[in-house]
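1. test case, fold it:
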Amino acid sequence: MLTATKQAKTGYWIEPLKLSVYSLEEINYFIYNHINLVYRDFFSDELFDYIGNELEQQEMAAELRNIAASGGNTGDFIKHILNGSYYYNGRELADISMLVAHIDTMSRAERVKIQCDAYYNAGNFNSALQCCFDILRNMETDNAGKTFYARIAYTAGRIYAKMFMVKSANAYFSMAYDLSPDPLYARASVYMSIIAGY
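-> Alright, predicted model coming up:
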């Protein structure tokens, strides 16, 4: 990964990914691409010390400490650290700012959906599908509501349709309709049935 800031000799351990990062850009990459794994406790004194001492970003570390001292939420930290790295463009930062505005009140399923949407928009359909499966597999425990799960099933159907796997697409469109009888899901299911020839 190209970095504009210092690359440290000592890594900072990212527990959810079981790997070490060595630069502010890598920390930002983790935050931006794995937003569902970023909680308030990620922004700790240990992280601030690493940014200030190992990465020699004392000003950034001090600003993050100020956010913590003023009772900032997870979204405040995310927006500040991403803005400070210059790794993402204005559109990407605007998109993430809207997504994280209420991240502290999101359920686990809603967080995974953020990740799913990011993968989908980037064209990484296999990873987006894995997020869909994760959400749908945990419907009973997460209990995010049938309308929410219908949207996830519909997304899985759209991904399968893009991959020309019409039977799988139809199965998920049907699941979406069973969860929430929206005409959009019914039309998608009928269309896939016609393509599949049944």
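2. quick one, helices of this protein?
-> For the chain, the helices defined by DSSP state H occupy 24-33, 45-49, 58-69, 74-83, 90-100, 108-121, 125-137, 139-142, 146-162, 166-179, 183-196.
3. does anything pack onto the third one? Which helices or strands?
-> This points to helix 58-69. Using 3 or more CB pairs under 8 Å, 6 or more residues apart in numbering; DSSP states H and E, the elements in contact with helix 58-69 are helix 45-49, helix 74-83. (Glycine included, C-beta is placed from N, CA and C.)
4. got the buried residues for it?
-> Of the residues in helix 58-69, 60-61, 63-65, 67-68 count as buried by neighbour count, 16 or more other CB atoms under 10 Å.
5. with the last one instead?
-> Burial within helix 183-196, assessed by neighbour count using 16+ other CB under 10 Å, is assigned to 185, 188-189, 192.
6. which stretches of this structure have low pLDDT?
-> Low-confidence segments of the chain, defined by pLDDT under 70: 1-5, 85-87, 197-198.
7. quick one: terminal-to-terminal distance for stretch 63-78?
-> 12 Å (CA to CA, to the nearest Å).
8. sorry, wrong one. I was asking about stretch 100-107.
-> Taking CA to CA as the measure, stretch 100-107 stretches 13 Å from start to finish.
9. what's the residue nearest the centre of the chain in contact with, if anything?
-> The residue lying closest to the centre of the chain (CA atoms, centre = their mean) is residue 115, at 2.5 Å. The contact partners of residue 115, taken as CB atoms under 8 Å, 6 or more residues apart in numbering, are 34-36, 131.
10. dump these to JSON lines, plus neighbour count and distance to residue 15.
-> JSON lines is the format used below for the contacts of residue 115 (neighbours: other CB atoms under 10 Å; distance: CB to CB, whole Å):
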{"residue": "34", "neighbour count": "16", "distance to residue 15": "12"}
{"residue": "35", "neighbour count": "21", "distance to residue 15": "16"}
{"residue": "36", "neighbour count": "21", "distance to residue 15": "14"}
{"residue": "131", "neighbour count": "25", "distance to residue 15": "20"}
